[in-house]
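Trainee: 3D, please:
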Amino acid sequence: MATKFSEQERKHHLVLLNNPQSHAELFDNAEGGGCWWNRDEQKWEHYPHILKHESSVCNLYAPIRKMALYYFERHDIAWWRQDSDRYFPTGNLLSSQNHCLNHLIAIQQDKKAVLAVIQAICPTIVDIYTSPIDSDVEIKDGKLQDFNSYITFEFTCNNQNLLHESGDKRGKKCTSVDALVYAKDKNKGNVLIPIEWKYTESYTKEPDKRAKAKSAERYVKLANLNSSNLKEWILDYEWDPLYEFARQELLMERIIAKKPLCGFSFKKKLLEANDFIHIIVRPDENAEIREDIAAFKNTIVDKSKFIEVNPQTLLAPLKKFNEYSDLLTYLQTRYWKK
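Mentor: Residues are numbered from 1 along each chain as shown. Okay, the predicted model is just below:
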């Protein structure tokens, strides 16, 4: 559903594409006019703000492209609306998945930077740990080397058992959190910090957009537990994005309760946590998503565990790291400067 903000962002990106300097610097001169499947009319259509199929990787910040492609392939993560015949990010310049990666994946292996970002919005965090599900080694030039991932993208964890979902492939047809940080709080001990990322999204409460009854049923009993932050499962949870937020809270609660084994088969370990802090990242200008966030927050028990922040504020701590000046310039030009 088009909104004032999504139209503003579409026009802004067209300006960037049509300016020779920004077209080269941001998108390596990749052409717009890519295809998009119109689900309502069941046909392919061309749009100027979608990069063509063969150059959709240029939707990512240039220094992170190889890293993002490697990471998604290494962990079998689905790209948003990926085609069956290719394994690349979408060319849609308004994609929130790419928006998230463009902001965060450059700092994924930098403990000091990730900790600074998290501490700015969660001051009681004193430490962060490596990802509970990403492999901590990689093969490079035929040798094993450390891969210290402090941000997990498209996080899932034993969803089939914990939430009774049909699968747990990261990024596809299950409760998959855009990003997650595993941290230590000075008061609570180990905590999970799921991060849901929104960009131009907006949602309607049309009957056909409601979660299928069988899908919702699996979460009702979990939400009605006395220990749940949801109080109970309500009708509003059966529409996105509240459906998404509620499932993410339930996944965190089940992990805390069950302490599942996580990680690669050769190095599984218990994922132990005592609490969670749910962060929603969204632009200030997206009035529709902010209304949805407020609506969800009003339904939960402990509102202090639910934090919303805009991307620019989230990454403000990176200003003190000289190595991220180019990243901040990119984000300022592409997303923050209007």
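Trainee: Going along the chain, name the helices of the stretch 101-250 of the chain.
Mentor: Secondary structure of the stretch 101-250 of the chain (DSSP state H, counting those that start in this stretch): helices at 111-121, 159-162, 213-223, 242-258.
Trainee: Report the angle between the last one and helix 213-223.
Mentor: Read that as helix 242-258. Angle of helix 242-258 versus helix 213-223, following axes from the mean of the first three to the mean of the last three CA atoms, to 10 degrees, is 50 degrees.
Trainee: got any ranges where the stretch 201-338 of the chain has weak pLDDT?
Mentor: Along the stretch 201-338 of the chain, the parts satisfying pLDDT under 70 run over 207-208, 214, 265-267, 338.
Trainee: got the contact list for Glu308?
Mentor: Taking CB atoms under 8 Å, 6 or more residues apart in numbering, we find Glu308 in contact with 279-282, 290, 293, 297. C-beta: built from backbone N, CA, C; applies to glycine.
Trainee: on that earlier part again, got a markdown table for the helices of the stretch 101-250 of the chain, with distance to Ser202 too?
Mentor: Shown next, in a markdown table, are the helices of the stretch 101-250 of the chain (distance: least, CB to CB, whole Å):
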| stretch | distance to Ser202 |
| --- | --- |
| helix 111-121 | 24 |
| helix 159-162 | 26 |
| helix 213-223 | 21 |
| helix 242-258 | 13 |
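Trainee: most tightly surrounded among those?
Mentor: Compared across the helices of the stretch 101-250 of the chain, helix 242-258 shows the largest average neighbour count, a mean of 22 (mean count of other CB atoms under 10 Å).
Trainee: Which neighbouring elements make contact with that one?
Mentor: helix 159-162, strand 189-197, helix 213-223, strand 275-276, strand 278-281, helix 287-297 (3 or more CB pairs under 8 Å, 6 or more residues apart in numbering; DSSP states H and E).
Trainee: Out of the ones you listed, which is closest to Leu328?
Mentor: With CB to CB, the closest approach to Leu328 among these belongs to strand 278-281: 15.9 Å.
Trainee: Sheet partners, orientation included, of the closest one?
Mentor: strand 189-197 (parallel), strand 306-309 (parallel) (DSSP bridges).
Trainee: closest to Gln332 out of those?
Mentor: Per CB to CB, nearest to Gln332 of the strands paired with strand 278-281: strand 306-309, 17.0 Å.
Trainee: Next secondary structure element downstream of that closest one?
Mentor: helix 311-314 (DSSP states H and E).
Trainee: re earlier: and the strands paired with strand 278-281 as CSV, adding distance to Tyr219?
Mentor: Shown next, in CSV, are the strands paired with strand 278-281 (distance: least, CB to CB, whole Å):
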stretch, distance to Tyr219
strand 189-197, 16
strand 306-309, 17
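Trainee: Buried deepest among those, which one?
Mentor: Highest mean neighbour count among the strands paired with strand 278-281 (mean count of other CB under 10 Å): strand 189-197, a mean of 21.
Trainee: That one: how far from the chain's middle?
Mentor: 12 Å (CA atoms, centre = their mean, to the nearest Å).
Trainee: residues in contact with that strand?
Mentor: So strand 189-197 is contacted by 96-97, 99-100, 103, 118, 122, 125, 129, 155, 177-185, 241, 244-245, 248, 251-252, 255-256, 272-282 (CB under 8 Å, 6+ apart).
Trainee: thinking again about what came up before, right, and the helices of the stretch 101-250 of the chain - which one's nearest Tyr324?
Mentor: helix 111-121 (7.0 Å).
Trainee: okay, the angle between the closest one and strand 189-197?
Mentor: Going by the same axes, to 10 degrees, helix 111-121 makes 80 degrees with strand 189-197.
Trainee: Point out the other helices and strands that helix 111-121 packs with.
Mentor: strand 125-129, strand 177-185, helix 311-314.
Trainee: closest to Trp44 out of the strands paired with strand 278-281?
Mentor: Per CB to CB, nearest to Trp44 of the strands paired with strand 278-281: strand 189-197, 26.9 Å.
Trainee: Taking strand 177-185 as reference, get the angle to that closest one.
Mentor: Using the same axes, to 10 degrees: strand 189-197 against strand 177-185 is 150 degrees.
Trainee: then strand 189-197 to PDB, C-alphas only?
Mentor: Taking Å, rounded to 0.1, in the frame of the first residue of the first chain, the C-alpha atoms of strand 189-197 are listed here in PDB:
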ATOM      1  CA  GLY A 189      22.400 -11.500  33.100                       C
ATOM      2  CA  ASN A 190      22.200 -12.900  29.600                       C
ATOM      3  CA  VAL A 191      19.500 -11.200  27.400                       C
ATOM      4  CA  LEU A 192      18.300 -11.600  23.800                       C
ATOM      5  CA  ILE A 193      17.900  -8.400  21.800                       C
ATOM      6  CA  PRO A 194      15.800  -9.000  18.700                       C
ATOM      7  CA  ILE A 195      15.700  -6.200  16.200                       C
ATOM      8  CA  GLU A 196      12.900  -5.800  13.700                       C
ATOM      9  CA  TRP A 197      13.600  -3.400  10.900                       C
END
